[in-house]
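>>> got a sequence here, can you build the structure:
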Amino acid sequence: MNYIIYVISLIGIYGILTVSLNLSVGYTGILSLAQAAFMGIGAYASAILLTQWGFNFFSTLFVGMAIAGLVGWGLVWATLRLKGIYYVIASFGFQVIVYSIFLNWISLTQGPFGIRQIPRPQAFGFTFLGPLRYAILILGFLAICLWVAWRVGESPYGKVLRAIREDEAAAASIGKNVSRYKIVIFTVSAMLASVGGALYAGLITYIDPFTFTIHESIFILALVIIGGSGNVYGSVVGAAVLISIPEMLRFFDVPTTVASPIREILYGALMIIFLRFRPKGLLPERITHRVMR
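Numbering: from 1, shown residues only. Presented below is the predicted three-dimensional model:
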């Protein structure tokens, strides 16, 4: 039973990460390979403040969101003029830089040794110690993130984001400040990703730099593609599919050294299949015809 709750918790965390990336990729068309970096910022901010400074978990969330938002703002502001593959390369470079900081700033992050014994959250004297309690906390945050993304997507603001995704020049021609919209939504995306990272640190109670690599960013992007780009609920469906299916390997007599490569093969095969036969994902974007204001 605890294992099932653990898988549900993972789905909730990756649901948050996928929702956050969907805001920039699905709604706005900003294809980023740096989401694991913002996840790592949230995880390390929470782990360091909890283990070294004695902060409350919920306080560390706000600190992580502030740092990730500031860093995300700086990244998108510095790369506004880049389009297409050039932005993808820039975000890849940023991901590598952040990973290198996690790995080499040993006095702060403990480098390759990682940070251990990360405590579970506490609030008003209540500790989320058990797997079920922590799963409920994660699902609560997932619900909040879904609500935020849904409100953005269904608002006139979301319609402008979709217009930017389809044709930046056309959006600018009707008086929309494309740069401002991109900066704001990417900053929000980075902040939500940091929440997922903080919850992940509390779930595993141990983090190291090798969790937040380019492979993790590609995996989160795969969740968006398979779930449905531009559909907030598709983010959760994609996370549920790509987390639960590989976990089924644990019920077969598959050695650990073989299971990991099989998971990677499954991820790649599913991406190819969906891009070829169902590019809009399991839950395609719902098109509305409301007029932008």
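>>> Ala193 against Gly69, yeah?
No: between Ala193 and Gly69 there is no contact under CB atoms under 8 Å: 10.1 Å. The way it works is simple: take the backbone N, C-alpha and C, and place the C-beta from them, glycine included.
>>> comparing those two, which residue is more hemmed in?
Set Ala193 next to Gly69 and count neighbours by other CB atoms under 10 Å: Ala193 wins out with 34 against 20.
>>> for that one, what are its contacts?
Neighbouring residues of Ala193 by CB atoms under 8 Å, 6 or more residues apart in numbering: 16-17, 20-21, 35, 38-39, 42, 68.
>>> do you know how far it is from Met248?
Distance, Ala193 to Met248, using CB to CB, to the nearest Å: 27 Å.
>>> again, but for Arg165
Note on Arg165: its distance to Met248, by CB to CB, is 35 Å.
>>> tell me which of the two has more neighbours.
Taking other CB under 10 Å, Arg165 and Met248 do not tie; Arg165 has more neighbours (18 against 10).
>>> how far away is that one from Leu282?
20 Å.
>>> again with Thr79
When Thr79 is compared with Leu282 (using CB to CB), they lie 30 Å apart.
>>> who has more neighbours out of these two?
In this view Thr79 and Leu282 are compared by other CB under 10 Å, and Thr79 has more residues nearby, 20 against 17.
>>> residue contacts, that one?
With CB under 8 Å, 6+ apart, Thr79 has these contacts: 87, 90-91.
>>> most neighbours out of those, which is it?
Neighbour counts for these peak at Ser91, which has 24 neighbours (criterion: other CB under 10 Å).
>>> can you give me the pLDDT of that one?
Ser91 carries a pLDDT value of 94.
>>> who touches stretch 168-186?
23-24, 27-28, 30, 32, 72-73, 75-77, 80, 152, 157, 160-161, 163-164, 292.
>>> can you do 10 Å?
For stretch 168-186, the surrounding residues in contact (CB atoms under 10 Å, 6 or more residues apart in numbering) are 23-24, 27-30, 32, 34, 38, 69, 72-77, 79-81, 83, 152, 157-165, 167, 292.
>>> what does stretch 273-291 give?
Residues from elsewhere that reach stretch 273-291 (CB under 10 Å, 6+ apart): 22, 26-27, 153-156, 158-159, 162, 222-238, 240-241.
>>> endpoints of stretch 80-89, how far apart?
Criterion CA to CA, to the nearest Å; first-to-last residue distance in stretch 80-89 is 13 Å.
>>> and the helices in the stretch 1-150 of the chain?
Using DSSP state H, counting those that start in this stretch, the helices found in the stretch 1-150 of the chain span residues 2-22, 35-52, 57-78, 85-104, 106-109, 131-154.
>>> most packed of those helices?
helix 35-52 (a mean of 27; mean count of other CB atoms under 10 Å).
>>> can you put the helices of the stretch 1-150 of the chain in CSV and add distance to Ala259?
What follows is the helices of the stretch 1-150 of the chain, written out as CSV (distance: least, CB to CB, whole Å):
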stretch, distance to Ala259
helix 2-22, 15
helix 35-52, 21
helix 57-78, 31
helix 85-104, 24
helix 106-109, 28
helix 131-154, 22
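>>> and Thr257, which of those helices is closest to it?
Thr257 sits nearest to helix 2-22 of all the helices of the stretch 1-150 of the chain, at 20.8 Å, using CB to CB.
>>> which other helices and strands contact that closest one?
With contacts taken as 3 or more CB pairs under 10 Å, 6 or more residues apart in numbering; DSSP states H and E, helix 2-22 sits against helix 35-52, helix 131-154, helix 178-204, helix 214-227, helix 232-247.
>>> how about a cut-off of 6 Å?
In terms of contacts (3 or more CB pairs under 6 Å, 6 or more residues apart in numbering; DSSP states H and E), helix 2-22 is packed against helix 131-154, helix 178-204, helix 214-227, helix 232-247.
>>> quick check: buried residues in the longest one?
It refers to helix 178-204. Buried residues in helix 178-204, counted by 16 or more other CB atoms under 10 Å: 178, 181-204.
>>> and Ser194, how close does it get to Ile243?
Going from Ser194 to Ile243 by CB to CB gives 20 Å.
>>> which residues of the stretch 151-293 of the chain score low on pLDDT?
254, 256, 287-293 (pLDDT under 70).
>>> what residues are up against Arg162?
Applying CB atoms under 6 Å, 6 or more residues apart in numbering, we find Arg162 in contact with no residue.
>>> follow-up on the earlier one: just send the contacts of Ala193 back as CSV, with pLDDT too.
Below are the contacts of Ala193 laid out as CSV (pLDDT from 0 to 100):
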residue, pLDDT
Ile16, 97
Leu17, 96
Ser20, 96
Leu21, 96
Gln35, 96
Phe38, 97
Met39, 97
Gly42, 97
Ala68, 97
